[in-house]
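Q: Take this sequence and fold it.
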Amino acid sequence: MKNEWIIYVIPFFCSWFFLACAQRQEPDNLGVIALQESATPVRPGIPGERPFWNEYAKRFIYAPAFDFKEIENATTYRFELTSLDDSATYRFESDKPYSALSPVWIDLPVGSYNLVVTALSKDGQEIGVSGKRDFYRAATFNGIYHNPVMPYDQSAALALDQLMEKDYVQYWLSHKEPAPDYINYRYPAKIYSALVIGAVTHARLKNWTANAERSAKLARIVADYMLSIRFKEGSPWEYFVPTYYGVHSEKAQKEHLKPINHFSIMGADAGNAFLDLYDYTGEEKYLEAAKKIAETYLKRQLSNGSWYQFVKHETGEPTAENIVIPTAIINYFDRLKRDYKVEGLNEATEKAIKWVMENPVKTFDWQGQFEDINARPPYRNLSREQACDLAIYLFKNKKKLELAEELVRFSEDQFVIWERPMKIAYQEPRLGGKSENWITPSVQEQYAFWMPVGRSAGIMLETYWEAYVATKNGIYLAKAKSIANSFTVVQKANNGDYPTFFTQYPMNRWLNSTVYPAKILMSLANNIKKPQFSNINKTLK
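A: Residues are numbered from 1 along each chain as shown. Modelled structure (predicted):
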């Protein structure tokens, strides 16, 4: 199995060698369009009306606007941007110090800049500095990147084949419990759930074969283990699979990664795993497990419509005041209602949607939601997952498409690297953590962990696809294909695996960064073959 990727890759190697090894193809019309679009800011702040969300952002694809204060007696403001790479200077004037950098944005080469906004009097005299800021002008989309090393569905199948053969996966079949040397099994709600979903997906791919039987058996073993470790009946978070379980480091025990704590959003992960397994096996206990998770969500929903982000599962008390952005829970309720006719979820869904619309949609505080990163103050640790979740929900339901596209632009602006990533002070010490060794296009996970993560790329790919389906704007499909192509290039660099990080050097593996992208690439492969997409496909090849 370890060398099986060669069988897939050889037929495509020659074309990949001559075409995909380039960072990108020659600029085309879509690249020109993307550059022009980059002059339009993403949700620019307006003092007293709309918050500035980008105080802690380090880079921008779209022209930013900063929270610089007006100075008394100023009639105009001079914006001066100096390149930290070659000292070139770019200037314009505006009547507001918080205007977006649109007038010069498309002229700025990719690189680092120092911005100084100076207040000028009526006669043009300098009367004070309104604000200063350093930032990185990130590369815009420049046409479809790479050619796929292999077809997307074959790439996804290979990634799942390889995952199913890993020692830490096979261990379940022989021992009926998690392998003690795979550290990420300490996050059962996240990782066990991903493994169940991956095993079910693999079983469907290998239908009517011995491999299908083995993968289905694996899914049952892992799911049954999840059932056995759920929080006990009658406890505040009853029937939820623990967020933290087993051995954690001493440092983690002192922080929030403790078995007594729980990350409330994780229930949707486990519920979806149980539903996938029920769909495949028809075994009612898995459907009942999924329903019980929903019932507990209903009991624990706050009056504001959402849930606390981190809690103590035995008492229900929060460990921080942060409220979860409940997009995953909304989508989970929708699945239960749509596919399993579960009743009693409408009111809770509406309350959760209302909370999202009245909070992150207004503030753009798309706080990171990760079980291994503690809760942070507003805007300190933005991420793109919940913004993408909401965009996908809106695209699929043909609602508020303007907002949905703005959420896509925010996610791209802050987290998509098309090429030439910035060098930053914080990086993983290993070679794969250095930006010069990243494979792009890629998608960063969050401010607090600025790394190109496979699952993040999969979510962004799905978002671009749904944006294309809803709007028929071909640039979204081109962006989706670029990320999909990058998966195949990364896969080749990592011996057939979908690794956790888009780097040339293998790093630690979170198996959910294989499972979710594999499902998305399979879906993309199936969708782009449909007749209604044939014309646009020809123009984007």
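Q: Tell me which stretches of the stretch 201-350 of the chain form helices.
A: Remark: helices assigned in the stretch 201-350 of the chain by DSSP state H, counting those that start in this stretch are 210-228, 250-254, 266-281, 284-300, 327-340, 346-358.
Q: ok, residue 63 touching residue 38?
A: Yes: when contacts are counted by CB atoms under 8 Å, residue 63 is listed as touching residue 38 (6.6 Å). (Glycine included, C-beta is placed from N, CA and C.)
Q: so what sits against both of those two?
A: Counting by CB atoms under 8 Å, 6 or more residues apart in numbering, the common neighbours of residue 63 and residue 38 are residue 105.
Q: Quick check, central residue of the protein?
A: Per CA atoms, centre = their mean, the C-alpha nearest to the average position across the chain is that of residue 456, at 3.2 Å.
Q: how much space between that residue and residue 396?
A: 20 Å (CB to CB, to the nearest Å).
Q: what does residue 267 give?
A: Distance from residue 267 to residue 396, by CB to CB: 22 Å.
Q: ok, those two, which is more surrounded?
A: residue 267 (28 against 14; other CB atoms under 10 Å).
Q: Would you mind measuring the gap between the ends of stretch 448-462?
A: Start and end residues of stretch 448-462 are separated by 23 Å (CA to CA, to the nearest Å).
Q: Just to check, residue 212 is in contact with residue 200?
A: No: with contacts counted by CB under 8 Å, residue 212 stays clear of residue 200, the gap being 10.0 Å.
Q: the strands in the stretch 351-500 of the chain, which residues?
A: 416-417, 442-446, 449-452 (DSSP state E, counting those that start in this stretch).
Q: Those: which one's closest to residue 47?
A: Taking CB to CB as the criterion, residue 47 comes closest to strand 442-446 out of these, the separation being 27.4 Å.
Q: any idea how far that closest one is from the chain center?
A: In terms of CA atoms, centre = their mean, to the nearest Å, the gap separating the centre of strand 442-446 from the centre of its chain is 7 Å.
Q: now what about it, what contacts it?
A: Contacts of strand 442-446 with the rest of the structure, by CB under 8 Å, 6+ apart, involve 368, 370, 373, 381-384, 414-417, 421, 450-453, 455-457, 459-460, 483, 486, 502.
Q: Tell me where the model's unsure across the stretch 301-450 of the chain.
A: For the stretch 301-450 of the chain, applying pLDDT under 70 flags the ranges 425-429, 432.
Q: If we use 90, what do you get?
A: 320-321, 369-377, 397, 423-437, 448-450 (pLDDT under 90).
Q: try the chain
A: For the chain, the stretches flagged by pLDDT under 90 are 1-28, 207, 246-260, 320-321, 369-377, 397, 423-437, 448-450, 504-509, 529-541.
Q: can I see the domain layout of it?
A: Using automatic domain parsing, the domain ranges for the chain come out as 1-25+147-181+430-541, 29-137, 189-382.
Q: Tell me which of those sits nearest to residue 405.
A: For those, the distance to residue 405 is smallest for domain 1-25+147-181+430-541, at 6.7 Å, taking CB to CB.
Q: excluding its backbone neighbours, what's nearest residue 457?
A: Nearest non-adjacent residue to residue 457, counting by CB to CB, 6 or more residues apart in numbering: residue 443, 4.3 Å away.
Q: and what of residue 99?
A: residue 65 (6.3 Å).
Q: Please report the distance of residue 322 from residue 311.
A: Relative to residue 311, and taking CB to CB, residue 322 is found at 11 Å.
Q: Show me which of those two is the more surrounded one.
A: When neighbours are counted by other CB under 10 Å, residue 322 and residue 311 differ, and residue 311 comes out ahead with 23 against 17.
Q: Which SSE is immediately downstream of the longest strand anywhere in the chain?
A: Criterion DSSP state E: the longest strand present in the chain is strand 126-137. Using DSSP states H and E, the helix or strand that follows strand 126-137 in sequence is helix 152-164.
Q: what angle do that next one and helix 210-228 make?
A: Interaxial angle of helix 152-164 relative to helix 210-228 (axes from the mean of the first three to the mean of the last three CA atoms, to 10 degrees): 60 degrees.
Q: which residue sits farthest out from the middle of the protein?
A: In the chain, by CA atoms, centre = their mean, residue 123 is the one farthest from centre (49.7 Å).
Q: a strand runs through it, doesn't it?
A: No: under DSSP: H, G, I helix; E, B strand; the rest coil, residue 123 falls outside any strand and is assigned coil.
Q: mind checking how far it is from residue 78?
A: On the measure of CB to CB, residue 123 and residue 78 end up 14 Å apart.
Q: repeat for residue 419
A: Distance of residue 419 to residue 78, given as CB to CB: 32 Å.
Q: any chance of the helices of the stretch 201-350 of the chain in JSON lines, plus distance to residue 34?
A: Below are the helices of the stretch 201-350 of the chain laid out as JSON lines (distance: least, CB to CB, whole Å):
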{"stretch": "helix 210-228", "distance to residue 34": "41"}
{"stretch": "helix 250-254", "distance to residue 34": "42"}
{"stretch": "helix 266-281", "distance to residue 34": "33"}
{"stretch": "helix 284-300", "distance to residue 34": "40"}
{"stretch": "helix 327-340", "distance to residue 34": "27"}
{"stretch": "helix 346-358", "distance to residue 34": "28"}
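Q: Tell me which of those helices sits most buried.
A: Counting by mean count of other CB atoms under 10 Å, helix 266-281 has the highest mean neighbour count of the helices of the stretch 201-350 of the chain, with a mean of 24.
Q: if I pick residue 177, what's in contact with it?
A: Here residue 177 is in contact with 171, 225 (CB under 8 Å, 6+ apart).
Q: does it sit in a helix, a strand or a coil?
A: coil.
Q: Give me the number of neighbouring residues for residue 317.
A: 10.
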